[in-house]
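*Asks:* take a look and give me a structure for this.
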Amino acid sequence: MKRLITLMLLAMFSMGTLTACNTMAGAGEDIQAGGEKIEDKAEDCKDGRC
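*Replies:* Coordinates of the predicted model:
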């Protein structure tokens with residue numbers, strides 16, 4: 001019984017950790033995409049096409 005509980009807790013912890021990694025990776029991609037758009041707009045304004 002203790003082994004089953006331990007395995008269940010380990011599985012729950014692992015799932016939570018993996019989900020957090022995916023969430024952080026997605027957030028990083030979103031932030032990167034936003035930064036690229038800001039860079040593009042800054043380049044446009046620098047060229048006088050603002």
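*Asks:* any idea how far stretch 43-50 is from the middle of the chain?
*Replies:* 31 Å (C-alpha atoms, centre = their mean, to the nearest Å).
*Asks:* I meant stretch 2-13, not that one.
*Replies:* With C-alpha atoms, centre = their mean, you get 27 Å for stretch 2-13.
*Asks:* what comes up buried for that stretch?
*Replies:* Buried residues in stretch 2-13, counted by 16 or more other C-beta atoms under 10 Å: none are found. From N, CA and C alone the C-beta is placed, and that goes for glycine too.
*Asks:* may I have it as PDB, with CA atoms only?
*Replies:* Once non-C-alpha atoms are left out, stretch 2-13 reads as follows in PDB (Å, rounded to 0.1, in the frame of the first residue of the first chain):
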ATOM      1  CA  LYS A   2       2.800   2.400   0.800                       C
ATOM      2  CA  ARG A   3       4.500   1.600  -2.500                       C
ATOM      3  CA  LEU A   4       1.300   2.400  -4.400                       C
ATOM      4  CA  ILE A   5       0.900   5.700  -2.600                       C
ATOM      5  CA  THR A   6       4.600   6.600  -3.200                       C
ATOM      6  CA  LEU A   7       4.200   5.800  -6.900                       C
ATOM      7  CA  MET A   8       1.100   7.900  -7.200                       C
ATOM      8  CA  LEU A   9       2.700  10.800  -5.500                       C
ATOM      9  CA  LEU A  10       5.700  10.500  -7.700                       C
ATOM     10  CA  ALA A  11       3.500  10.400 -10.800                       C
ATOM     11  CA  MET A  12       1.600  13.400  -9.700                       C
ATOM     12  CA  PHE A  13       4.800  15.400  -9.000                       C
END
